[in-house]
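Colleague: just to be clear, the model below is a prediction. Sequence and coordinates:
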Amino acid sequence: MTAAATDSLEHLRREAASCRACPLWKNGTQTVFGEGPSDAQIMLVGEQPGDREDLAGRPFVGPAGLLLNRALADAGVNRARVYVTNAVKHFKFEPRGKRRLHKRPNAGEIKVCSTRWLLGEIEAVAPQLIVALGATAAQSLAGRPVPVQSNRGEVLELASGLRVLITVHPSALLRLRDEKDKREAYDAFVQDLRSIAQILAREAGLARPSGMVSTG
Ligand code: URA
């Protein structure tokens, strides 16, 4: 882990804590910055913190995070070796009684937040591969809308040199009602995540890259 990358992330985290670049800071509890090793080979990018993440100040610790943890483990990927963050760093929601209902960030919020913070995280960590979890993450990274279903499992090579694996957002799986649909969608998600290990192994010419754990 390079000290420069760690310092740079810490600096960004401190700066982001008082970000006022879009109106979302007004209602959110706090900025939820990314976390993970500063030398991670893989960076996972979600949409924005949810209710639990907003309160905890950490990404992917609520229901979607639990599902993500399970899928990563089933794919043989150790979450502790992966840098996890979001395209947008504040929770956008609509109050409904005592509940706070998730609202999708708009294109302006996605752009301003990713330009200020996500790009900085990418520069500091310099991951070999970024995994876009869902449409918002894909849009923030590609700078244009990317249809997730027709691109999932594919690695987009962006003009910036970034390599982005597209897959679904775990919350999409949580919304499914039918058990069979759920099982199939989960298996497909794990399959997408498994290709992280394959891609990195192919590139490194190693049997098992360092971000991975043995599945058997
Ligand atoms: N959904 C996201 O996109 N990110 C989180 O951190 C939690 C839920």
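Modeller: Yep, that arrived.

Colleague: number of residues surrounding the residue of the chain found nearest the ligand?
Modeller: Closest residue of the chain to the ligand, CB to the nearest ligand atom: Gly46 (2.8 Å). (C-beta placed from N, C-alpha, C; glycine too.) Applying other CB atoms under 10 Å, we find 28 other residues in the vicinity of Gly46.

Colleague: next: Gly143.
Modeller: Each residue near Gly143 was counted by other CB under 10 Å, and the total is 14.

Colleague: who are the contact partners of it?
Modeller: Lys111 (CB atoms under 8 Å, 6 or more residues apart in numbering).

Colleague: in the worst-scoring helix or strand of the chain on mean pLDDT, what's buried?
Modeller: Ranked by mean pLDDT, DSSP states H and E, the helix or strand of the chain with the weakest confidence is helix 179-204, at a mean of 89. Buried residues in helix 179-204, defined by neighbour count with 16 or more other CB atoms under 10 Å: Ala185, Tyr186, Phe189, Val190, Asp192, Leu193, Arg194, Ser195, Ile196, Ala197, Ile199, Leu200.

Colleague: would you mind checking which of those is nearest to Gly161?
Modeller: Proximity of these to Gly161 (CB to CB) peaks at Ile199, which lies at 15.5 Å.

Colleague: dihedrals phi and psi, the closest residue to the closest one other than its chain neighbours?
Modeller: Excluding the flanking residues, the one nearest Ile199 by CB to CB, 6 or more residues apart in numbering is Leu129, at 6.0 Å. With angles defined as degrees, to the nearest 10, Leu129 sits at phi -140, psi 140.

Colleague: Asn86 and Gln48 touch, don't they?
Modeller: Yes - contact criterion CB atoms under 8 Å: Asn86 and Gln48 qualify, at 5.2 Å.

Colleague: neighbour count winner among these two?
Modeller: Set Asn86 next to Gln48 and count neighbours by other CB under 10 Å: Asn86 wins out with 30 against 27.
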